[in-house]
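*Asks:* got a sequence here, can you build the structure:
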Amino acid sequence: MRADDFMDMVPPTAGDASPSEASTPSGRRAWLQQALALAAGATAAPLLPREAAAQSKGTRYGGLFSQLGQQATWRSPEIRLLRRISLGITAESVARVKQRGYSAYLEEQLAWEAIPDSVCAQHLARGFADYLAMTPRDAIAMQRADNIQPITNRYQRYVAEQAILSERQLLERMVEFWTDHFHVNLWAFNGFKPFHDRVVIRPLALTTVGALVRATMRSPAMLYYLDQVWNTRWGINENYARELMELHTVGVTGGYTQRDVYELARVLTGWTVDQDGQFQYRADNHDFGAKTVFGMEFPASTPGRGTQGMGEAIAFGEHLIQHPKTREYISTKLLKWFITPEPTAAQVQAVVDAYGSEGDIKAMLRVVLSPANVQRAPAKLKRPFHLVVSAVRATGAQVRSRVNYQTDNDGIGWPLGSLGHQVGAWATPDGYPDRAEFWAGGIVDRWNATQQFAQSGSTGNGSVITNFAGFVADGTIEGVVSEINRRLFGGEISEALATELRNVLRSGVTTARLQTAVRLALMAPEFQYY
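*Replies:* All right, here's what the predicted structure looks like:
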């Protein structure tokens, strides 16, 4: 869609500027015109709530939203927390967090296994029973038959639908975080990524950093993706050794050298995958010579069989898990994920202090998500996956299983693809970026994506259907605005946006105008940011 087409779809309001007033634009069309103009630039982004702009003073986005006269009124600390630890608020989750209170709700989400989640579980069992029964050996057979698409397609739908339906929303946010941190591309050899995410990441997402590092070191998907399976004493391959330090533990500024990378690759020789797609250690591939890597010395030893020599990489993994730079790197990254792109030294140190010897994720999150941190946190732009999932959750769209993830313009994969955030498809091992400037400039694509969640009735093969009956309970304009406020904004809609919604509906609550109102609400800064 062109920008002009976008503007033609937005009905004028009494506050719109006439052609003669183009130099001093006002009203909703002027707001969107300015947003589109900003989106055309490489540094553009959807509009920031005023409170976020104030906290971003001096950045490229500072002051933008106050200039356009909009303001998000996020008053409730409990709903602020809910926005941070979920992939989109719902009216039901807002009621729950208010009833439980800030600390109790956070503890409830941290204890995710105790949260009843039968609706999601039953939905996944009905729609994905065959997918859940697949093994790595099945994936290998499908790859050899040049038929890997079914497993990758089902994986993408499974991830999206679980994120939409699960009551364990903090777990979903942490699965997303660690899936990017320990990223494996979906199209990596043999299509092993679904097993990497389901078996390695999800069960451990709220346990410890140590458990995740150990598990990913043995993940067949990771070992294939980063070429570790071809790292032997006859030919050293440094790919996995480098990313184990640079991306997974101490970080690029961790202090290691290129020599350390090479020596670690020697330490890792023998770690591979067997013909059934399971982790395997082969002592005959291991380099038993002396090595010195990142402060650790490994003396030469006599070549042997079984697991002899495997202990070198195990010991070095423990060294990385407990390294001060790993504590700092993971603590900083968690703060950036949940709180702010620029955490202070004091914030980082507080999370480091909670790390312990293993990297206790729950203990760290209690510090990261403290009331003081959350209350001061600037609004953060939703990445496309977050936006799409939150739109389905907020509008109450029906999710239909076993529908193709990428069915023309109806599958849920279509908006994610147009926005550059297809599930699992990031090409490089650093995972999808968590930076607002990377996702900036996509306002038109975001507007197009809202069509997916602002339709009533069946949409053919569509994977989500929105029923608008609940938005028009009493048939009045105020009733519709109130329901949009309740579902999408937790009762904290700005007066400016509420006025614009009333203007859209002023000629009557028709299906077309209701759809336009919902789309405008989804494009509002109060929804695009969290």
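
*Asks:* OK, contacts around residue 316?
*Replies:* Counting by C-beta atoms under 8 Å, 6 or more residues apart in numbering, residue 316 touches 264, 267, 293, 294, 296. For the C-beta atoms, the positions are set from N, CA and C on the backbone; glycine is no exception.

*Asks:* before we move on, which element is it in?
*Replies:* Using DSSP states H and E, residue 316 falls within helix 310-321.

*Asks:* and the helix or strand following that helix, which residues are buried?
*Replies:* Next along the chain after helix 310-321, taking DSSP H and E as the criterion, comes helix 324-338. For helix 324-338, burial by neighbour count (16 or more other C-beta atoms under 10 Å) applies to 325-338.

*Asks:* now stretch 92-106
*Replies:* So, applying 16+ other C-beta under 10 Å, buried residues of stretch 92-106: 93, 94, 97, 98, 102, 105, 106.

*Asks:* again, but for stretch 367-382
*Replies:* Under 16+ other C-beta under 10 Å, the buried positions of stretch 367-382 are 367, 368, 369, 370, 373, 374, 377, 378, 379, 380, 381, 382.

*Asks:* Three-state assignment for the first one, please.
*Replies:* Read that as residue 367. Following DSSP: H, G, I helix; E, B strand; the rest coil, we place residue 367 in the helix state.

*Asks:* need the pLDDT of residue 137.
*Replies:* With respect to pLDDT, residue 137 scores 89.

*Asks:* once you drop chain neighbours, what's closest to it?
*Replies:* Residue nearest to residue 137 in three dimensions, not counting chain neighbours: residue 276, with 4.8 Å by C-beta to C-beta, 6 or more residues apart in numbering.

*Asks:* burial of the one you found, as a residue count?
*Replies:* 11 (other C-beta atoms under 10 Å).

*Asks:* circling back to that earlier point, with distance to residue 228 added, can I get the buried residues of helix 324-338 in CSV?
*Replies:* Below are those laid out as CSV (distance: C-beta to C-beta, whole Å):
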residue, distance to residue 228
325, 22
326, 20
327, 25
328, 26
329, 21
330, 22
331, 27
332, 27
333, 23
334, 26
335, 30
336, 28
337, 27
338, 31
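
*Asks:* re earlier: ok, and for the helix holding residue 316, which residues are buried?
*Replies:* 310, 312, 313, 316, 317, 318, 319, 320, 321.

*Asks:* that one to helix 324-338, inter-axis angle?
*Replies:* With axes from the mean of the first three to the mean of the last three C-alpha atoms, to 10 degrees applied, the angle from helix 310-321 to helix 324-338 works out at 60 degrees.

*Asks:* run the chain-centre distance for helix 310-321.
*Replies:* Here the centre of helix 310-321 is set off from its chain's centre by 30 Å, with C-alpha atoms, centre = their mean, to the nearest Å.

*Asks:* CA atoms only: put it into CSV for me.
*Replies:* Taking C-alpha atoms only, helix 310-321 is exported to CSV below (Å, rounded to 0.1, in the frame of the first residue of the first chain):
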residue,chain,number,x,y,z
MET,A,310,34.6,-34.2,26.9
GLY,A,311,35.2,-32.8,30.3
GLU,A,312,37.3,-30.0,28.9
ALA,A,313,34.3,-28.3,27.2
ILE,A,314,32.1,-29.0,30.2
ALA,A,315,34.6,-27.3,32.5
PHE,A,316,34.9,-24.3,30.2
GLY,A,317,31.2,-24.0,30.0
GLU,A,318,31.0,-23.7,33.7
HIS,A,319,33.8,-21.1,33.6
LEU,A,320,31.7,-19.0,31.2
ILE,A,321,28.5,-19.4,33.2
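
*Asks:* quick check: mean pLDDT across it?
*Replies:* Rounded mean pLDDT across helix 310-321 is 98.

*Asks:* please shift the residue numbers so they start at 45 in all later answers.
*Replies:* In the new numbering, first residue 45, that becomes helix 354-365.

*Asks:* residue ranges of the strands in the stretch 195-344 of the chain, please?
*Replies:* Assigned by DSSP state E, counting those that start in this stretch, the strands in the stretch 195-344 of the chain fall at 315-317, 323-325, 335-337, 340-342.

*Asks:* mind checking how far residue 151 is from residue 171?
*Replies:* According to C-beta to C-beta, to the nearest Å, residue 151 and residue 171 sit 31 Å apart.

*Asks:* name the residue in these two with the higher neighbour count.
*Replies:* Between residue 151 and residue 171, residue 171 has the larger neighbour count (other C-beta under 10 Å), namely 19 against 13.

*Asks:* would you double-check that that one falls in a helix?
*Replies:* Yes. Under three-state DSSP, residue 171 sits within a helix.

*Asks:* list the contacts of the nearest residue to residue 264 once chain neighbours are set aside.
*Replies:* Setting aside the residues directly before and after it, residue 264 is nearest to residue 317 in space (C-beta to C-beta, 6+ apart), at 4.4 Å. Listed by C-beta under 8 Å, 6+ apart, the contact set of residue 317 reads 264, 267, 268, 273, 323, 324.

*Asks:* give me the nearest residue to residue 245, chain neighbours excluded.
*Replies:* residue 222 (5.0 Å).

*Asks:* shouldn't the one you found be in contact with residue 250?
*Replies:* No. Residue 222 is not in contact with residue 250 according to C-beta atoms under 8 Å; the separation is 9.5 Å.

*Asks:* excluding covalently adjacent residues, which one is nearest to residue 219?
*Replies:* Once flanking residues are discounted, residue 219 sits nearest to residue 249: 4.8 Å by C-beta to C-beta, 6+ apart.

*Asks:* OK, contacts around that neighbour?
*Replies:* With the criterion set at C-beta under 8 Å, 6+ apart, residue 249 makes contact with 215, 218, 219, 221, 222, 256, 405.

*Asks:* quick one on the thing from earlier: which of the contacts of residue 360 lies closest to residue 493?
*Replies:* residue 308 (42.5 Å; C-beta to C-beta).

*Asks:* do I have it right that the closest one meets residue 292?
*Replies:* No. Using C-beta under 8 Å, residue 308 makes no contact with residue 292, being 11.9 Å away.

*Asks:* could I get the strands of the stretch 195-344 of the chain as CSV with distance to residue 469 and mean pLDDT?
*Replies:* CSV is the format used below for the strands of the stretch 195-344 of the chain (distance: least, C-beta to C-beta, whole Å; pLDDT from 0 to 100):
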stretch, distance to residue 469, mean pLDDT
strand 315-317, 22, 97
strand 323-325, 25, 98
strand 335-337, 33, 98
strand 340-342, 36, 97
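
*Asks:* out of the contacts of residue 249, give me the two with the largest separation.
*Replies:* Among these, 215 and 256 lie farthest apart (C-beta to C-beta), at 13.8 Å.

*Asks:* show the pLDDT at residue 101.
*Replies:* If you check residue 101, the pLDDT there is 37.

*Asks:* and what of residue 484?
*Replies:* If you check residue 484, the pLDDT there is 82.

*Asks:* surely it is within a strand?
*Replies:* No. Residue 484 is assigned coil when assessed by three-state DSSP, not a strand.

*Asks:* what about it, neighbour count?
*Replies:* 19.

*Asks:* kindly report the same for residue 350.
*Replies:* 9.

*Asks:* show me where pLDDT drops low in the stretch 95-244 of the chain?
*Replies:* 95-117, 233-234 (pLDDT under 70).

*Asks:* helices along that one, start to end?
*Replies:* 108-111, 121-129, 135-144, 146-154, 162-176, 180-188, 193-209, 213-225, 237-239 (DSSP state H, counting those that start in this stretch).

*Asks:* in CSV, list the ones you listed along with distance to residue 483.
*Replies:* Shown next, in CSV, are these (distance: least, C-beta to C-beta, whole Å):
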stretch, distance to residue 483
helix 108-111, 16
helix 121-129, 17
helix 135-144, 24
helix 146-154, 25
helix 162-176, 27
helix 180-188, 31
helix 193-209, 18
helix 213-225, 14
helix 237-239, 22
